[in-house]
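Novice: below is the sequence, then the predicted model.
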Amino acid sequence: MPGATTAAIVDSRRGTQHSEGPATILAIGTANPKNIVFQDNFADYYFGLTKNEHLTELKEKMKRICHKSGIEKRYIRLDAELISVHPEIIDKHLPSLETRVDIVATEVPKLAESAARKAIAEWGRPATDITHLIFSTYSGCRAPSADLQLASLLGLRPSVSRTILSLHGCSGGGRALQLAKEIAENNRGARVLVACSELTLICFSTPDESKIIGHGLFGDGAGAVIVGADPSADGECPLFEMVAASQTMIPGTEHTLGMQATSSGIDFHLSIQVPTLIKDNIHQCLLDAFRSVGNTDPNWNDLFWAVHPGGRAILDNIEDKLQLHPCKLAASRQVLSEYGNMSGATIAFVLDELRRRREKEQDIQQQPEWGVLLAFGPGVTIESIVLRNPL
Ligand SMILES: CC(C)(COP(=O)(O)OP(=O)(O)OC[C@H]1O[C@@H](n2cnc3c(N)ncnc32)[C@H](O)[C@@H]1OP(=O)(O)O)[C@@H](O)C(=O)NCCC(=O)NCCSC(=O)CC(=O)O
């Protein structure tokens with residue numbers, strides 16, 4: 001640019017760099033492994049698979065948890081065939097971290113690929129138009145990681161800007177969407193692929209009192225979401241606008257939810273206090289989120305809700321605390337029932353279910369304009385996004 005000063009060049013670039021409108025969800029895809037496990041006979045399945053039928057008290061406890069979980073079925077990649085090839089996975093005296101890392105290094109991106117292909121097909125543009133990729137998983141123990149693998153599997157452009165988020169647990173999907181929002185709004189024309197892929201295989205263990213809860217709730221799945229601002233006229237369909245986003249940590253609760261790598265996989269810890277902690281903090285968190293968009297007195301029943309179904313008790317507590325009509329968390333409960341808690345990937349399933357329900361609703365006037373996305377993870381961290389239905 002002859003004659004232009006460096007400062008003018010930088011200023012003019014900054015001026016054209018931002019998008020006009022808010023980041024918007026443009027497409028959603030989901031995928032699960034083939035192996036289905038029904039909750040009714042999960043205790044028999046799990047104690048049989050791990051050859052621990054003799055632990056009858058623990059098995060009865062698992063049955064009580066399953067019975068109250070609000071889950072009907074889950075998809076779980078680990079099956080008898082995989083265990084027969086890798087028996088160390090169910091032998092707590094043998095190291096198995098390496099085996100697990102090897103398996104998930106292939107399987108996690110593959111599952112993400114299935115979800116992403118569906119999202120890209122719905123989006124209607126070539127995969128090479130994706131400018132950024134954010135990949136979230138709790139199975140990320142290797143570099144180069146699942147983000148690079150997914151980019152290769154999908155044939156994304158070599159200059160795609162990749163980020164891997166690791167061990168955000170169940171808030172990983174919410175965190176990835178928040179980052180996608182920042183990227184889309186600050187880089188005009190950006191199209192961000194968010195992929196979350198979770199396999200319980202990395203955490204799977206033989207029955208143990210401290211981990212029985214997780215084995216009763218978690219399932220495998222992948223979700224993919226395409227985010228961009230200013231949907232183009234050539235067929236992009238806005239599904240949800242992400243108007244404001246925030247992350248809150250509940251002080252002094254870092255020991256209540258956690259994951260840690262050990263020689264036999266990733267150990268997780270889930271305190272019985274989690275549903276109560278969320279109940280005690282959710283109202284203030286939501287007030288703060290809505291104040292940031294100028295709404296100081298929201299009516300919670302006027303919103304649509306995309307809540308991570310961490311467990312039935314968490315949904316019950318939110319419903320009770322905010323006095324929500326039962327239909328408000330119906331999408332979250334349906335996802336919990338059909339898939340269990342798929343950690344960070346679950347929120348994509350909830351958004352997908354919400355939009356399906358919205359499409360069936362005949363009367364557009366009945367559809368709430370504003371909504372909220374909530375996800376919970378280690379910290380304890382609450383990710384919230386104020387959503388808007390583009391109508
Ligand atoms: C597990 C439940 C379905 C059980 O239902 P109820 O609480 O109504 O029933 P209940 O009180 O009779 O409990 C049944 C049995 O489960 C046991 N139980 C409940 N929560 C437990 C926990 N966290 N750890 C160990 N045991 C637990 C109870 O002690 C009881 O054992 P006994 O029968 O022997 O007395 C529910 O509590 C629930 O949905 N909890 C939420 C789970 C949770 O925290 N999810 C977040 C996942 S983490 C996440 O989403 C974020 C992340 O991973 O990052």
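Specialist: Cool, got the structure.
Novice: T50: what's it in contact with?
Specialist: I90, T206, P207 (C-beta atoms under 8 Å, 6 or more residues apart in numbering). (Glycine included, C-beta is placed from N, CA and C.)
Novice: residue contacts, the first one?
Specialist: If you count contacts by C-beta under 8 Å, 6+ apart, I90 has them with L49, T50, K51, I83, T206.
Novice: give me the buried subset of those residues.
Specialist: Neighbour-count burial (16 or more other C-beta atoms under 10 Å) applied to the contacts of I90 gives L49, T50, I83, T206.
Novice: not counting sequence-adjacent ones, nearest residue to the first one?
Specialist: Using C-beta to C-beta, 6 or more residues apart in numbering and skipping the chain neighbours, the partner closest in space to L49 is A80 (6.2 Å).
Novice: buried ones in stretch 245-264?
Specialist: A245, Q247, T248, I250, T253, T256, L257, G258, M259, S264.
Novice: need the contacts of T50 in a markdown table (columns: pLDDT and distance to P238).
Specialist: Converted to a markdown table, the contacts of T50 look like this (pLDDT from 0 to 100; distance: C-beta to C-beta, whole Å):
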| residue | pLDDT | distance to P238 |
| --- | --- | --- |
| I90 | 93 | 47 |
| T206 | 93 | 47 |
| P207 | 93 | 47 |
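Novice: show me which of these is closest to the ligand.
Specialist: Relative to the ligand, the closest of the contacts of T50 is P207; by C-beta to the nearest ligand atom it sits at 12.6 Å.
Novice: in the protein, which spans are strands?
Specialist: Ranges of strands in the chain, per DSSP state E, are 23-31, 36-38, 73-75, 132-137, 161-166, 191-198, 221-229, 240-249, 257-262, 265-270, 304-307, 370-377, 381-388.
Novice: can you list the residues of this protein near the ligand?
Specialist: Residues of the chain that fall close to the ligand, judged by C-beta under 6 Å from any ligand atom: 61, 64-65, 68-69, 169-170, 213, 257, 270-272, 274-275, 310-314, 341, 343, 376-378.
Novice: out of these, which are buried?
Specialist: Buried among the residues of the chain next to the ligand (16+ other C-beta under 10 Å): 61, 65, 69, 169-170, 213, 257, 270, 274-275, 310-314, 341, 343, 376-378.
Novice: now I71: how far from F349?
Specialist: I71 is 13 Å from F349, where distance means C-beta to C-beta, to the nearest Å.
Novice: count of residues packed around D280?
Specialist: Using other C-beta atoms under 10 Å, D280 has 13 other residues around it.
Novice: from the buried ones among the residues of the chain next to the ligand, which ones fall inside helices?
Specialist: Among those, the ones falling in helices (DSSP state H) are K61, I65, I213, V274, P275, R312, A313, I314.
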